[in-house]
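# return a 3D structure for these sequence lines:
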Amino acid sequence: MHKRIINRSFLCLLFTGLALQLQAQDKKKSYLGFVGNGSLYFSWGYNTEWYTGSTVHVNQPSLNNDYQLVGVKAHDRRGWDEDFFHTALTVPQYNYRLGYFFNEKQDFAIEINFDHTKYIITDGQQAHLKGKVNGEQTDRHIDYSGANGFYYYLNNGANFLLFNLVKRFQVYHTDDKKFKVDLLAKAGVGPVIPHVENSFFGKDNDPGFQFGGWNMGVETALRVTGMKYVYLELAQKVDYARYSNLKIYEGTAKQSFGTYELILSLGINLPTGKNNPQYKSKAYMQSLQEAKQ
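Okay, here's the model as predicted:
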C-alpha cells in the first residue's frame, strides 16, 4: 500500500514539474532570456533518530478499556546486520528525496521527502498506566515488556512523507560549476504511513500498513556537489507527527511525538534545459548574455 502511495506522489511531482515548465514557456520568461532551464534531483540515504516521550491512548470499547500509557520512551532501530554487505538496502532506516528546481534563479524547489524511520517503545521501562481497564479505573506503574504482554512497534516504518518547499542558498562554487557547496532549507507537511505492530495485555493486533495521521517538518542540509552532477548531502531534521486510529486488538490507539533526525544521502542533480545557469561556466553564461544584447 505504501509503495502505491509513494508512486502516486512521484507522478504528482513529475506532472507538477512539467506544468511549471510549460507555464514558463508560455510566458517566455527564463533566466538570462532562456526557457526550460529547471533541474531534477534524486537522493537516497540513511538516517538515525531520537524521539521525545509520548503518551499512547488506547481505546478498546468491546473490552471496556480506555486508558493511557503516559510519557513512554522509545528508540529507533538502524537495522544494519553484522554482515554489512548482505544487508538489504531497504532494511535499515532509509530515506529518499525527489525534487525539482523550478524558478529562474534555480533557488526554489518542490520536493517529495520520505523517511523510513523505525519507532519502538523501549522494553523494560516502568510505564505509567492511567484510565479504565476492564471497566475499572486504575492509576499505577507497570513493567512494560514483551514478557509481560506489552510491545509496541512502528518497526517496519513510522514513515514520514512530506511535500516540501525548498530554498537554496549558494555558499561557494567554482567558475566551471563542477564543484559547488549549497545550504538548503526545507519545510512541509504530509501524511504518515506507519506499519503498526503491537500487543496490550497479551492481545496482539494484525500488523500492517495504514494511513495513520499527519506530520510536519523542517530540515536544513549541507549539499556538496562534485563532477557537476553528483552530490553528498548531510542534513538535520525536526519532525512532529500525530498518529490516530492506529489498529490494535479490538480497538485503536493514538499518540504524538517529536523526532530529531540526522541524515546522510548520496544524490544526482540533472538539468532539464541546455542553458541552466547552475551547470554552465561563468564565461559561457556571459557569452550568452552578450549574444542577447
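
# what's opposite Arg140 in the beta bridge?
Bridge pairing for Arg140 (DSSP bridges) gives the partners Leu129.

# so it sits right up against Ala127, yeah?
No. Arg140 is not in contact with Ala127 according to CB atoms under 8 Å; the separation is 9.7 Å. In short, each C-beta sits where N, CA and C put it, glycine included.

# the more surrounded of those two?
Ala127 (22 against 10; other CB atoms under 10 Å).

# report the buried residues of stretch 74-81.
Ala74, Asp76, Arg77, Gly79 (16 or more other CB atoms under 10 Å).

# quickly find the element holding the third one.
Arg77 is part of no helix or strand when elements are defined by DSSP states H and E.

# quick one: least confident of the buried residues of stretch 74-81?
Ranked by pLDDT, the buried residues of stretch 74-81 bottom out at Gly79, which scores 78.

# I'd guessed that one sits against Gln93; true?
Yes. In this structure Gly79 lies within contact range of Gln93 using CB under 8 Å: 6.2 Å.

# now for these two: what residues contact both?
Lys118 (CB atoms under 8 Å, 6 or more residues apart in numbering).

# partners of Tyr243 in the sheet?
Bridge pairing for Tyr243 - DSSP bridges - gives Gly213, Gln255.

# what sits against it?
Taking CB under 8 Å, 6+ apart as the test, what Tyr243 contacts is Val192, Pro194, Gly212, Gly213, Ala253, Lys254, Gln255, Ser256.

# helices and strands of the chain: which one bottoms out on pLDDT?
helix 2-27 (a mean of 51; mean pLDDT, DSSP states H and E).

# let me have the contacts of Tyr243 in CSV, extended by distance to Gly202.
Shown next, in CSV, are those (distance: CB to CB, whole Å):
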residue, distance to Gly202
Val192, 27
Pro194, 22
Gly212, 23
Gly213, 26
Ala253, 16
Lys254, 21
Gln255, 20
Ser256, 26
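
# follow-up on the earlier one: export the buried residues of stretch 74-81 to JSON lines and tack on distance to Lys177?
Shown next, in JSON lines, are the buried residues of stretch 74-81 (distance: CB to CB, whole Å):
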{"residue": "Ala74", "distance to Lys177": "44"}
{"residue": "Asp76", "distance to Lys177": "37"}
{"residue": "Arg77", "distance to Lys177": "40"}
{"residue": "Gly79", "distance to Lys177": "37"}
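
# follow-up on the earlier one: of the contacts of Tyr243, which is the most crowded?
In terms of neighbour count, Pro194 stands highest of those at 27 neighbours, by other CB under 10 Å.

# that residue touches Leu154, doesn't it?
Yes. Using CB under 8 Å, Pro194 makes contact with Leu154 at a distance of 4.6 Å.

# stretch 236-253: which residues count as buried?
Within stretch 236-253, judged by 16+ other CB under 10 Å, the buried ones are Lys237, Asp239, Tyr240, Ala241, Tyr243, Leu246, Lys247, Ile248, Tyr249, Gly251, Thr252, Ala253.

# before we move on, what SS does the closest residue to Leu264 other than its chain neighbours have?
Of all residues not flanking Leu264 in the chain, Gly45 sits nearest, at 5.1 Å (CB to CB, 6 or more residues apart in numbering). In three-state terms, and counting by DSSP: H, G, I helix; E, B strand; the rest coil, Gly45 is strand.

# make 57 the first number, not 1, from now on.
Done: numbering now begins at 57, and the last item shifts to Gly101.

# please verify my assumption that Gly101 contacts Glu317.
No. Counting by CB under 8 Å, Gly101 stays clear of Glu317, with 10.7 Å between them.
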